[in-house]
Structures are given as C-alpha cells and as structure tokens.
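In: Provided below are the primary sequence and the corresponding predicted coordinates.
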Amino acid sequence: MTARTYYATGALLLLTGCTMAPSYTRPAAPVPAAWPTGPAYKAPADATTAGKQAADIPWQDFFIEPHLRQVIELALKENRDLRVAVLNIEKTRAQYQIQRADLLPTVNGTAGATIQRLPADLSSTGRARTSEQYSVGLGVSSYELDLFGRVRSLKDQALEEYLATEQARRAVQISLVAEVANAWLTLAADRERLKLAQETLASQQESYQLIQHRFDAGASSQLDLRQAQTRVEAARVDSALYTAQLAQAVNALNLLVGAAVPADLLPSELGAITAMQELPVGLPSEVLLKRPDILQAEGLLKAANANIGAARAAFFPRIGLSASFGTASAKLTDLFMPGSAAWNFVPQISVPLFDTGRNLASLKVSEANRHIAVAQYEKAIQTAFREVADTLANNGTLDEQLQAQQALAEASADSYRLSEARYDKGVDSYLTVLDSQRSTYSAQQGLISVRLAKLANQVTLYKVLGGGAGK
C-alpha cells in the first residue's frame, strides 16, 4: 500500500506540473535581415562599442551635458506617466501573486459556537431545552486539483502580463529620456532664434534711423524709408513670436519633467549633449528584439498563448477538495478533551456535459487573441524597423545639410554686406539691401533648425535602438 501511495502521489505531481498550452515559438521577424542602403544612408557603426550595443548604454553614459542630466533625473522622479507605469507593475505583480496562490491549498483557521433554544413543542422530550456546540479547527475549502493545468496556465498568463508591464515601464522611460532631451534642445534652439530676432530688430532699427537722417537731408527717398520701416516691423513681429514660443517651450519641458525646472538648469544655446557621434547599430535581429516595446508585445503574446491552455483544460473534469479537522464539543470546557476530534472530507468533481458551446467558443476566443497578439508583435517589429531606418536616413544626410546650410548662411551674409556697400555708394537701390537681409536672416534661422535636427536625430537614434533604460 505504501508503494502504491508513492506511485499515485508521483503521478498526481506529474499531472499537476503539466499544462495544455501549446508550445511557444517566437514568430519570425517580418523585416529584412539588414538595414536599408542607398544614397540617404551611410555605413553604420560597428555592431559593438567597447563590447556594448546601443541598448546596453545607460543614458547617464550617453548624455554628457551636466544640466541636461539633472533635468532627466528630475523627470524620472516626477513624471506622471512613468509613475503610472511603475504603479501598473505593482498592480500586475499583485495579480500574479493572487493567481499563483491558487496552485496551493488555502488553509483557514476556524472557531465557532452555536447556542440554540428549542421550545417545548419542537423538542423531542416535550420540554424546552437549550443546546450548545463549540468547535475549533483547520479547513481547506474548494481547492482545485490542477490535473489538466488550468490553474497553472492562468498563473503563466498572469506572469507574462506582469513581465510585459515591466517592459512597458522601460519603454516609457526610454521615451521620457528622449523627449526630455529633445524638449531641452528645442528650448535651446528657441533661445537662439529669439536672440537672432532681437539682434536683427536692433540692427534694423539702426538702419531705419540712418535712412531717416538721410531722408531728412534729402539723400534718400520716402520709398527707402518705408521699406526700412517694413523690416523693422517684421523683426518686431518675429521677436514677439519667438518670445511666446520660448515660453511655450519652457512650459512643455516643465510638463514632461512633472515639475518646474530650475532656471539655472535651462540651456542658453544649442551645443553638444553627447560625446558619441556614432552609435553602434548592429543587425535588425540583434537590435529590435532588445527594444522593450517589442519585448512587451512578445510578453503579451506569451500570455495569450498560455490562456489557450486554460481554455483547453475547461473541456476536462475539475476536481475540488474541501476538508476540515478540529475538535467539537457540547461544552466549552470539553472542547480539547480526548474523543472530541472532528473532521470531514468533501471531494467534488465537475464534468462538462452540455454547455451549449460555451467552452468551444472560449477556446476560439483564446486562439483568436493569440493570432491578434502575433499580428501586434509583428507590427511592433515592423514599426521599430521603420523608426530605425528613418533615423539612419536622417543621420546619413544631416552632415551634408549642415555643411550646405552653413555655406548658405555665410554666402548670404557676404551678399548682405556687399549690397549695403553698393547702396551706400548709390549703385543699387535699398530694395536689393532688403532682399539680401531677408535671405541672410532666413539662412541663419535655417542653420539653427538644421543644427537642432542633427542633435535631435542623435537622441532619436539612441531611443529607437533601445537605449535609455539605465537607472
């Protein structure tokens, strides 16, 4: 009998350790095996830098600007979206612990007393009497023997969902770090734009005053005077516009951070924020599968896969056990006396015979959810591939754009100086000076935009390669 008991126990443990969930196989990535090539792209950096890929470089190592690093640290403490992501982790962890607890019996301690008076006409003795009953014990209620893995599959589903929320938090952190850096750079660019507009306004006011004196002396026409006035008013409009835009940039940064950023941490002008001019790119299969948003999608796919096991197990019998052991007595003083032991054992089995197709429909729902999760996982990979490819395309052309824009700004400035000299000598009209000044101002504003785009593209490339989740 002892050997049979061991065999039965072993078989029971073997059965309860299995699930009916299908074996998980990671879907093939529906993207090319290499990044795009062509005129817009340049050869990517080596796959590793000092043994690291971009996803392995913490943001503290990527960003070198001390004020920006302090702002990012503040955002990681105060940003509400990141706080919600952390709270979601705590919630799903608790849900997983609840589901995991169903694998083991729940033992409850019980104690009770029943005191009842029976009237004479209900008493078997014909006289009124009072009865008492006291009990103390331990009990297990409705514990399911997980013979077909239903409870274990639900536990696996809860575990994968919990792990997916952790990846969701990492994805939020990566996005937050990049958004704060880009907002910080945008604020710096707006300050440069405002400074340029104010300097242009001061210059145009000086030119207007000179032409006013020349007009008063009869050396300039009223047309020249009015044309100079139009440039003054246009510069005043731009100055007001960029003043408002700068204030909005500060507000946007404060919202991202989740608190007011100290004024001494705000940038004064555009400048290098990272010492890494080239990031290691590697192959799509190495890079994309490390991104937390893709790991999150795969975790949800695994959860949907585990849920199929629970749906399949619903077709098979469910065995529940309820039991209790303790003492009971009609007198409180005799509660723990010899002979007062009391116990019960209530096994129950439920066999699905006719459920009008409910279990079959539930299985179809779980299988459809898995197909949806596969499609979402594949779409996440495709989206990530496109983001990296777009950023690499910008990265391959921004240096050329910056050189061309710099040359354009210098040529426009020279043209402006020459046109002013020709106007002073009476060779050209003031309209030529205005055209040259407009071209110079536009080229200088464009140079600020291209410099911003180059710095922002470095941040974006770091983000889309999965960097920024370091603590």
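Out: Yep, that arrived. Numbering: from 1, shown residues only.
In: Pull out the buried residues from stretch 222-239.
Out: Buried residues in stretch 222-239, counted by 16 or more other Cβ atoms under 10 Å: Asp224, Leu225, Gln227, Ala228, Arg231, Val232, Ala234, Ala235, Arg236, Asp238, Ser239. Yep, even glycine has a C-beta here, placed from its N, CA and C like the rest.
In: Nearest spatial neighbour of the last one, chain-adjacent residues omitted?
Out: Think Ser239. Closest residue in space to Ser239, ignoring its immediate chain neighbours: Ala197 at 4.4 Å, by Cβ to Cβ, 6 or more residues apart in numbering.
In: Which element, helix or strand, includes the one you found?
Out: Here Ala197, judged by DSSP states H and E, is contained in helix 150-216.
In: Give me the distance from that helix to the chain's centre.
Out: 17 Å (Cα atoms, centre = their mean, to the nearest Å).
In: for that helix, packing partners?
Out: helix 66-78, helix 80-101, helix 222-257, helix 292-313, helix 430-464 (3 or more Cβ pairs under 8 Å, 6 or more residues apart in numbering; DSSP states H and E).
In: Of the ones you listed, which is nearest Glu378?
Out: helix 292-313 (8.7 Å; Cβ to Cβ).
In: Could you pull up the mean pLDDT of the next helix or strand after the closest one?
Out: Per DSSP H and E, the first helix or strand lying C-terminal to helix 292-313 is strand 318-329. What strand 318-329 shows for mean pLDDT is 82.
In: name the helices or strands packed onto the helix or strand just after strand 318-329?
Out: Following strand 318-329 in sequence order, the next helix or strand is strand 341-350 (DSSP H and E). Judged by 3+ Cβ pairs under 8 Å, 6+ apart, strand 341-350 is in contact with strand 129-145, strand 318-329.
In: The first one pairs with which strands, and in what direction?
Out: Read that as strand 129-145. strand 107-118 (antiparallel), strand 318-329 (antiparallel) (DSSP bridges).
In: Touching the first one from outside, list them.
Out: Contacts of strand 107-118 with the rest of the structure, by Cβ atoms under 8 Å, 6 or more residues apart in numbering, involve 128-141, 324, 326, 332.
In: try stretch 455-471
Out: Outside stretch 455-471, the residues touching it (Cβ under 8 Å, 6+ apart) are 53-62, 170, 173-175, 177-178, 181-182, 185-186, 270, 272-274, 276-277, 279, 281, 287, 290-292, 384, 387-388, 391-392, 394-395, 398.
In: what's the answer for stretch 182-193, then?
Out: 68, 71, 242, 245-246, 249-250, 252-253, 256, 266-271, 273, 445, 448-449, 451-452, 455-456, 459-460.
In: pLDDT on it, on average?
Out: Rounded mean pLDDT across stretch 182-193 is 93.
In: before we move on, back to that, nearest to Tyr41, of the buried residues of stretch 222-239?
Out: Using Cβ to Cβ, the buried residues of stretch 222-239 come closest to Tyr41 at Asp238, 36.1 Å.
In: What is the neighbour count of the residue lying closest to that closest one once chain neighbours are set aside?
Out: Nearest residue to Asp238, sequence neighbours excluded (Cβ to Cβ, 6+ apart): Ala197, at 4.2 Å. Look at Ala197: counted by other Cβ atoms under 10 Å, it has 23 neighbours.
In: Same check on the one 3 residues further on?
Out: The number of residues packed near Thr200 is 22, by other Cβ under 10 Å.
In: re earlier: what angle do the helix holding Ala197 and helix 80-101 make?
Out: Taking axes from the mean of the first three to the mean of the last three Cα atoms, to 10 degrees, one finds helix 150-216 and helix 80-101 inclined to each other by 180 degrees.
In: quick one, helix 150-216 and helix 430-464 angle?
Out: 160 degrees.
In: Now for the residue lying closest to Lys77 once chain neighbours are set aside: which residues touch it?
Out: Spatial nearest neighbour of Lys77, chain neighbours left out: Gly258 (7.8 Å); criterion: Cβ to Cβ, 6+ apart. Counting by Cβ under 8 Å, 6+ apart, Gly258 makes contact with Leu74, Ala75, Lys77, Glu78, Asn79, Arg80, Arg83.
In: Which of those ranks first by neighbour count?
Out: Ala75 (25 neighbours).
In: And the pLDDT for that one?
Out: 93.
In: do the same with Ser285
Out: 79.
In: Closest to the centroid, which residue in the protein?
Out: Val172 (2.4 Å; Cα atoms, centre = their mean).
In: Put together CSV for the buried residues of stretch 222-239, with pLDDT on each row.
Out: Below are the buried residues of stretch 222-239 laid out as CSV (pLDDT from 0 to 100):
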residue, pLDDT
Asp224, 73
Leu225, 77
Gln227, 75
Ala228, 77
Arg231, 80
Val232, 82
Ala234, 84
Ala235, 85
Arg236, 88
Asp238, 86
Ser239, 90
